[in-house]
Structure formats: structure tokens, C-alpha cells
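**Q** Please work out how this folds:
(chains A, B and C)
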Amino acid sequence: MRVFAALVRQGMKVMLAYQWENYMGLVGNFAFLLLFSALWSALLRGDPEAQARMLSYVFIGQLLQNWTFTPTWELAGRFRMGDVALELAKPLSLPVRVLGDFLGRNIVRVLRALPAFAAVGFLMGIRLPDWPQFGFFLLSAGLAWVINASLYVGITLISLWTTYFDQAHQILDFLEGVFSGFYVPLWYMPPALAAIATYTPFPGMFFTPAAIFSGGLQGAEALSALAVQALWAGGSLLILYGIWLGGVRKMTVMGG
Amino acid sequence: MEDVMITVENLRKEFKILRRRPGFLGTLRSLLSPEYEVRTAVDGISFTIRRGELVGYIGPNGAGKSTTIKILTGIMVPTSGRVVVDGLVPYERRVENARRIGVVFGQRTQLWWDLPTIDSFELLRHIYRIPAGVYKQNLELFTDLLGLGEFLNTPVRQLSLGQRMRADLAAALLHNPRLVYLDEPTIGLDVVAKERIRRFIKEINRERGVTIILTTHDMQDIEKLCERMILIDHGRVVYDGPVEEVKRRFGQHRILVVDLEGAPEEVSVEGAEVIRRENGRVWLRFNRDEISAAQLIHRVGQRYNIVDLTLEEPEIEGIIARIYEEGV
Amino acid sequence: MLHALRCYLLLVGAQARAQMQYRFNFFAQVFSMIATYMGQFIALSWLTDRFGSISGWKLEEVILFYALAILAWGFAVSLFFHLVSFEDQIREGLFDRALVRPLNPFVQLLAGQSPIAGTGQLVFSIAAFLWATGRAGVVWTPLKLLYLLGVAVGSALILGAALVTVSALGFFTRRTYTFYWSLVFPARQLVHYPLNIYSQVVQWLLTVGLPFAFINYYPAHVLLDRAADLPWPLLAYLTPLVGVVAFAAAYGLWCLGLRSYVGAGS
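**A** Residues are numbered from 1 along each chain as shown, chains lettered A, B, ... in the order given. Sure, this is the predicted structure:
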């Protein structure tokens, strides 16, 4: 645990050096916020309650983007340069180091984004949820980080054994785009698909925390969504670990 | 003035470096009211180079070498001073200047990485608008002199470093430039490859009268190729003159190597400094203005039994290294 | 000028030959495109399913906006996408090579990409566009085809101008990727939806500031024979002109950037 904390601190230091990227990233966030708030305001004209909920949903969604940002292309670049053997020689396994690094960076990104988001949220009239609900949200955001980071790092590690890593990455992007609720929350999906999506890991990457924050998931519904999310957080870690072990075996047997 | 190729007068280049402030508000403030630090890379350099000269332009890393070369080639505009290259101010007439010069950056190739070597030459022919006759004649000549024939159809990325450098040299000379800048043309090459490159450089300087500015860290390049060298440090010219003169001016130190009988525990001789020891063999550095070699040998002989001795003339390599370390 | 054009074509040809040395997986690229755009497309269809229309536009029409944007992007990627990685060239000192050659460095930079690299994107874009116009019930006339050609060129220039601007900012800040991903990419997403969902200010910004509305929103009105619905129908015919003006302005900024890069006027 102490080693992991050191990794997180290292990641925070790295992120502190990326000032330009960070603040430009905020500009991108607000462009998307503009897009989605305009879209949902237009679609939900005449239903002020649903409108307010969706505004809150897309607002927190953009803040969550900073929290679950995973620059896996840096990792993929390192693999392409052929540093993998070096990675194997280190005492601490690669997934642990990468997760620590990403967590540190994400913490800095969110802290840097908070003042600007607080100001914009105030202007948009976004209200924070009350206490147990806010606690659920924080928990759910934590789980969302675990699922995002594990799945994306796992997909990147696939490049250890196959050249189709780009395609694997795109399939994950595609599934996340469709089922995570980034474009359309589960409420407005075709009901049959939404029912299926509920049990996949994808809503746990975005929809669950955003819906809890906006009050769209409450009480028992929120708890059951959290339970599914927690299961998938464990599942994603197992998937990551499995891909890593498979990759290591392939590396050591085939010699890279 | 007819025979002057390059005039540099009081050249200065300062870089403004943005001072960064930490944090979000800091970044915002840096954007609104930027605060700069000034670093002087070139601090009042002057020299002239005549047509047909082959000059070594040397100095330690960060001395202002590459900044000067960038200004001369038109890539950079100086803060103040006057530069005229072949009658043009390079950074004011960059394209026209580019047509008349050739440049080899030893570390980065000018060639198209994934294409056969000959394709790069063809592209350059069009970019420089080289007349067909000149192109053909030069290509034949360089192929012959540099032995390009064996790899003209090989993609550049598959060439050895030596082959690539030869191809780069040919590429820089295809358009008959009157002036060529060579930046570390022998870096990373083995002895044989270095010799070949040096012979070629000498040849085009002599036979075609091409003016050559050579920057290098390899003092052998300077000794074998250049008659004149300009040594810069901290953005100033510290020496400009014949290569031989450097030895006389800065090479007062010589080294006496003696083998002493019985390998004495401690060796010290008045007027000389022990710079190295290996068992009985001792290297003594002395200043020839203060003590002659004969006097020193006499002194050593008084104290110890000399088995054998040699006197080392100063190598330019060592002299330059000392200037880098200690200044002039 | 003629020399520059000739050199541009020769250099692009060289890049294409260089690209062919590597295994180029056309199908992998088309697959990527499908994966990239399909998600958004499915989301659009769900929204129109559920709400009937988006600010008065039916699904078929929204798809047409979308397809026009992808078509323009297909051309822009083939010609200009490498500008996004310009910061690498600056950092590694590769751009200096262009400055010691007697050819406009802008031409040399533009010629730094193989057009083949974007073929998958382009073929997918054209296919998606044809399908969308079919569904939207666009009635083709020779005049409309000619109009489409003008729109395609103009749109590619508008997007090209945005990418040239990104590379110009690279001269000042030594960064380019971040400007693409934080400015141009989100702005492209904005016009994937009908412009009239946005407030007047944003519509005005996307017309005058970052004129992406000319890529798809205004031209779609002509293809659907609804140009008369625009507050000012002439807007629908300005795409080529806007493209040329935007590209010229971006080139101006690029030249300013180059001046700053070589240390003049600072």
C-alpha cells in the first residue's frame, strides 16, 4: 500500500508538469458540456424536471471525464518502442505501476478542474446531492475509476500478444460510447437494450455515478446499481490481471 | 572584398525564456503578464571567412556554435549584429540563401527515410531546380568519389551510418553550393569511414573551391582538414587563427613520461606535476616556459633512477579539452 | 508558384511510395472508422426514435448533417491530418531541414503526409454519405452534384484551416496535439448535431469564429431543397469562399508563427 501511494504521488508530479494540456483539456470539457446541454435542453423542452436532471448529468459527466482519463497511448507507445522486456525485469508488476501512475494523474486533473467546474456549475444552477446520496456518488465515482482504468490498461496490454490491439481498443471505445451513457443515458435507450446494458460493465464507467449525482438513481435503485458496479470493478481487475499473466507467459516463452 | 564569403560583426543572440509560475492562477498570470529571463547564447562574435577556406568552428556544448550556424543558414534571426553570407543577409533572404548553400546535420539525415537513396537525390533536383546536365555530372562524380553505387537503390533507413553520411554529403552538394555547413559529419563513424569522409571533404574544398564551415567534436577532423579554426566558448570567440598556432599558444604544457626503477612510493619533482601513475611509470606535466625538458630530466635523475623516458608533444585534443575545462 | 505546386505533388508522391513500403491494412482502417462513427450514429438513432426529432429535424436529416461532416473530414484527413503532430517535428529539430531548402516551408510541411494514409477514412466517408443522402431522400441533379463538389472542396479547406491553425500555434507554444484534441475535435462534434439546438451566440460563433457550420448545416439545406428556411439563404452558397478565406487566414497565422519561431520580431 505504501508503494502504491508512492506511485500515486509520482503520477501527481508528472501531471503537474502538464499544465497546458490540462487547462486546454478543460476547454474541451466545456465544449462538450455546451453540446450536450444544448441537445438535451432542445429534446426535453416542456419537461423542466427532466431537463434539470439531464443538465446535472452532463455537467458531472464532463468532470468525471477528468477523473477517468486514461492516456493508454503513452503505454502503447512504450511497448512499440520495445521496452517491454525492461518492464518485466522490474520488481513491481506493470499493471500496479500503471494504475498508480494514472490515479495520481487523475487526482491532479480533477483538483485542477474543480474551481472552473464549480464556477460553471454555479452559473448553470447545478445543485449538489444531499448526504447519503453524495456518499453514494463518491463511492460510485471511485468504482468507475477502477473499471475504466483496469479495462483500458488491460486492452492496452493485449498488444503484448496480438497486433490487433488497435482494433480491440476501438471495440472497447465503441461499446463504452454506446452503453456507458456518454451520449445517451440508459433512461433514453430502447428499453430492451437498456435492460441488457444494466448488467454489463459499461454503465459503471460513466452512467452510474452521473445518474446518482443527478438524482436519477436513488435509494434501492442506486444501491443495486452500486452493487453491480462493485462486482464489475472486481471483475475488471481480474480481467486486467489475467491479460497481464497471459502476456507475461507469452513474453517469457516466445521471448517477445 | 571580392574574396570574402562570410562577414560576421558583433553578432548577438539572446533568448527570452518564459518564467513559469506554479498553479492555475500562476499560469493565468503568466499568460497575462509574462515574465522573461534573458539568456545570451551568442555574445558579440565577429569573424570573416574568405572564399575557399575550410574552417573548423568548434566549442563545447552550449557555447553558441549551433546558434551561430542557425543564424548563418537563415534559420534564426539574431538579436543584433551584422551577418553577410555571399552578399546576402541570410535571415532576410532565406530562400535565396538556401539555394546557394549546402547543409549536413550529422545527427539528422536530410534524406527521405523510407525511400531509395536515389529518390532523395531526384526530389532535391526538383526542389533546387538543378539543370539536368549539372545533376547528371555531379551524381556521377559523387557516386564515384563516395562509392554510392552499391546502395543507390537501398532505402535510406537500411543504410549503415557511414553510407548514410556519404549519401547526405552528396545530397548537400548536388546543386553546386558555394558554401557548405557540415555539422558533425563524422559523428559515430568508425576510423575507416571517417577517413573516407575526410578525404572527400578535402577534395571538394580543393578541387571545387567550396567554402566549408565544419563543426565537430572530433579534433582529428580539425587537425586533418582545417588550416584555421575558430574556437568559441560562452558565446565569444576565444581563438581564431591557424590550427598550428593553438598548440604554440595554449600548448605550453608538455608531458614527460619516465619509468623509475623500483617503483618508489611517492614521486614528486619540483617544477612539474604528477598527473598519472602506473607502478613505476609516471607522467609529469610541466610548463616549458618555466623549465626546460633537459632541466626537468636532470632533476628527476637526481632523485630517482630513470630506466626509460619519453617526451609527449601536446595533442590538440588535450589542449582543447583544457581550454574547455579551464578557459583561456 | 508553379514550382511550389510541382514540388508539392512530387513530395506527396514520395510520401505515398514511402507508405507503400509498409503493410497497409485498408480493412483495419475502415473497421476503425465504423467503430468510431457507429457509436455516435446509434446514439443519434436512439434519440430520434425516442423523441421523434431533434429541434424539428428527422433522423434522416440529422444523418445527412452527420454524413456531410464525415465526408469533409475524410478529405481533410487525407491532406492535412499530419499537421496535428507538428510538435514532434519541432521538438526533434526536423522542421529546420525545411528551412534550409529553397522551397516555401509551408509547402514542405503540407507535403509531409501520404494521401494513402487516409484512404480508409475517405472511402468510408463517401459510402456513409451516399447511404445517408439515399435515406434522406436527396434528389440529385447535375447542378447539385456541382454544388456538392464546391462544398467538399470548401469544407476540406475549412477543416484544413483549423489544422493549419493548430500547427501555427505549435510555433508559439511547442504544442499541437492538445489544441487538436481540446479545440478542433470538440468543435467538430458540435456540428454533428443540427445547429439550431444552440443559442444564437453559439450559432454565430460556428458561422463567423470557427466556421464549421458551413461544412454541413448550411449546405444540407440546399441538398434538401430547404435553403429558403435559412434566415439568409446565401449562407448555403458561401462554403467554398469561406474555405478559401479561412485557409488564407490560417496561412497568415502560420507565417506569423514561423517569424516567431526563427526569432524575428520577438
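
**Q** Next to chain B, which bits of the stretch 51-200 of chain C? Give me the list.
**A** C:92-94, C:96-97, C:99-104 (C-beta under 8 Å from any C-beta of the partner chain). (C-beta placed from N, C-alpha, C; glycine too.)

**Q** Name only those of those that count as buried.
**A** For those, a neighbour count by 16 or more other C-beta atoms under 10 Å in any protein chain shown gives the buried set as C:96-97, C:99-104.

**Q** out of those, who's nearest A:Ile155?
**A** Relative to A:Ile155, the closest of these is C:Arg97; by C-beta to C-beta it sits at 37.2 Å.

**Q** just checking, what packs against the helix or strand harbouring that closest one?
**A** Counting by DSSP states H and E, the element that carries C:Arg97 is helix C:95-99. Applying 3 or more C-beta pairs under 8 Å, 6 or more residues apart in numbering or on different chains; DSSP states H and E, we find helix C:95-99 packed against helix C:105-110.

**Q** Packing partners of the helix it packs on?
**A** Contact partners of helix C:105-110 among helices and strands, from 3+ C-beta pairs under 8 Å, 6+ apart: helix C:2-20, helix C:95-99, helix C:239-261.

**Q** Just name the most buried of the ones you listed.
**A** Scoring the helices and strands packed on helix C:105-110 by mean neighbour count under mean count of other C-beta atoms under 10 Å in any protein chain shown gives helix C:95-99 as the most buried, with a mean of 20.

**Q** Now render the buried ones among the residues of the stretch 51-200 of chain C next to chain B as TSV, adding pLDDT.
**A** Converted to TSV, those look like this (pLDDT from 0 to 100):
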residue	pLDDT
C:Asp96	92
C:Arg97	91
C:Leu99	94
C:Val100	94
C:Arg101	95
C:Pro102	95
C:Leu103	95
C:Asn104	95
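
**Q** Turn the residues you listed into TSV, columns for distance to C:Ala43.
**A** Shown next, in TSV, are these (distance: C-beta to C-beta, whole Å):
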residue	distance to C:Ala43
C:Asp96	45
C:Arg97	45
C:Leu99	46
C:Val100	50
C:Arg101	48
C:Pro102	51
C:Leu103	46
C:Asn104	43
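
**Q** And stretch B:210-226, what's buried?
**A** Those would be B:210-216, B:218-223, B:225-226, for stretch B:210-226 by 16+ other C-beta under 10 Å.

**Q** and if you look at stretch C:54-67?
**A** The neighbour-count check on stretch C:54-67 (16+ other C-beta under 10 Å) flags C:54-55, C:57, C:59-67 as buried.

**Q** Close to chain C: what parts of chain A are there?
**A** Checking chain A against chain C by C-beta under 8 Å from any C-beta, the hits are A:20-21, A:24-28, A:31-32, A:34-35, A:38-39, A:41-43, A:164, A:166-167, A:170-171, A:173-174, A:177-178, A:183-184, A:188-190.

**Q** per-domain residue ranges of chain B.
**A** What automatic domain parsing lists as the domains of chain B is B:4-247, B:251-326.

**Q** do the longest one and chain C meet at all?
**A** Yes. Counting by C-beta under 8 Å from any C-beta, chain C is contacted by domain B:4-247 at B:13, B:15-16, B:70, B:73-79, B:91, B:94-96, B:98-99, B:101, B:103, B:105, B:108, B:110, B:112-115, B:119, B:123, B:126-129, B:155.

**Q** Pull up the per-residue confidence for whatever residue of chain C ends up closest to chain B.
**A** Going by C-beta to the nearest C-beta, chain B is nearest to C:Ala18 of chain C, at 3.5 Å. At C:Ala18, the model reports a pLDDT of 86.

**Q** Confirm for me that it is in contact with B:Pro116.
**A** No. Using C-beta atoms under 8 Å, C:Ala18 is not in contact with B:Pro116; the gap is 10.2 Å.

**Q** could you point out which element follows the top helix by length along chain B?
**A** Determined from DSSP state H, the single longest helix within chain B is helix B:191-208. Sequence-wise, the next helix or strand downstream of helix B:191-208 (DSSP H and E) is strand B:211-215.

**Q** what are the pairing partners of that next one, and which direction each?
**A** According to DSSP bridges, strand B:211-215 forms sheet pairs with strand B:54-58 (parallel), strand B:179-183 (parallel).

**Q** check contacts around the nearest residue to A:Asn29 once chain neighbours are set aside.
**A** Leaving aside its chain neighbours, A:Asn29 sits nearest to A:Gln62 (4.4 Å; criterion: C-beta to C-beta, 6 or more residues apart in numbering or on different chains). For A:Gln62, the contacting residues are A:29-30, A:32-33, A:117, by C-beta atoms under 8 Å, 6 or more residues apart in numbering or on different chains.

**Q** Now do the SS call for A:Arg127.
**A** Secondary structure for A:Arg127, judged by DSSP: H, G, I helix; E, B strand; the rest coil, is coil.

**Q** That one reaches A:Leu55, doesn't it?
**A** No. Counting by C-beta under 8 Å, A:Arg127 does not reach A:Leu55; the two are 10.4 Å apart.

**Q** In terms of neighbours, single out the busier of these two.
**A** Higher neighbour count among A:Arg127 and A:Leu55: A:Leu55, with 21 against 10, using other C-beta atoms under 10 Å in any protein chain shown.

**Q** what's the weakest-modelled helix or strand in chain A?
**A** helix A:84-89 (a mean of 71; mean pLDDT, DSSP states H and E).

**Q** Following that helix in sequence, what is the next regular element?
**A** Downstream of helix A:84-89, the next assigned helix or strand under DSSP H and E is helix A:94-124.

**Q** List the contacts of residue 165.
**A** Chain wasn't specified; assuming chain A. Contact analysis of A:Phe165 by C-beta under 8 Å, 6+ apart lists A:76, A:155-156, A:158-159.

**Q** not what I meant, chain B
**A** The neighbours of B:Met165, taking C-beta under 8 Å, 6+ apart as the test, are B:104, B:106, B:185-186, B:189, B:193, B:197.

**Q** how about stretch A:30-48: buried residues?
**A** By neighbour count on 16+ other C-beta under 10 Å, the buried set for stretch A:30-48 is A:31-44.

**Q** What's the ChimeraX line that selects buried ones from the residues of domain B:4-247 next to chain C?
**A** Buried subset of the residues of domain B:4-247 next to chain C, written as a ChimeraX selection, criterion 16+ other C-beta under 10 Å:
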select /B:13,70,73,74,75,76,77,78,79,91,94,98,99,101,103,105,110,112,114,115,119,123,126,127,128,155
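
**Q** and the residues of domain B:4-247 next to chain C, which of them are in strands?
**A** The strands, defined by DSSP state E, take in B:13, B:15-16, B:101, B:103, B:105 from the residues of domain B:4-247 next to chain C.

**Q** before we move on, the earlier item: top of the contacts of B:Met165 by number of neighbours, please.
**A** Most crowded among these, counting by other C-beta under 10 Å, is B:Pro185 at 28 neighbours.

**Q** pLDDT value on C:Gly52, please?
**A** Listed pLDDT for C:Gly52 reads 87.

**Q** Which residue, neighbours along the chain excluded, lies closest to B:Arg82?
**A** Spatial nearest neighbour of B:Arg82, chain neighbours left out: B:Glu9 (4.3 Å); criterion: C-beta to C-beta, 6+ apart.

**Q** I misspoke; the intended subject was C:Leu109.
**A** Among residues not flanking C:Leu109 along the chain, C:Ala98 sits closest, at 6.5 Å (C-beta to C-beta, 6+ apart).

**Q** quick one on the thing from earlier: burial of the residue nearest to B:Arg82, as a residue count?
**A** Residues lying near B:Glu9 (other C-beta under 10 Å) number 14.

**Q** Before I go, just wanted to say thanks for your time.
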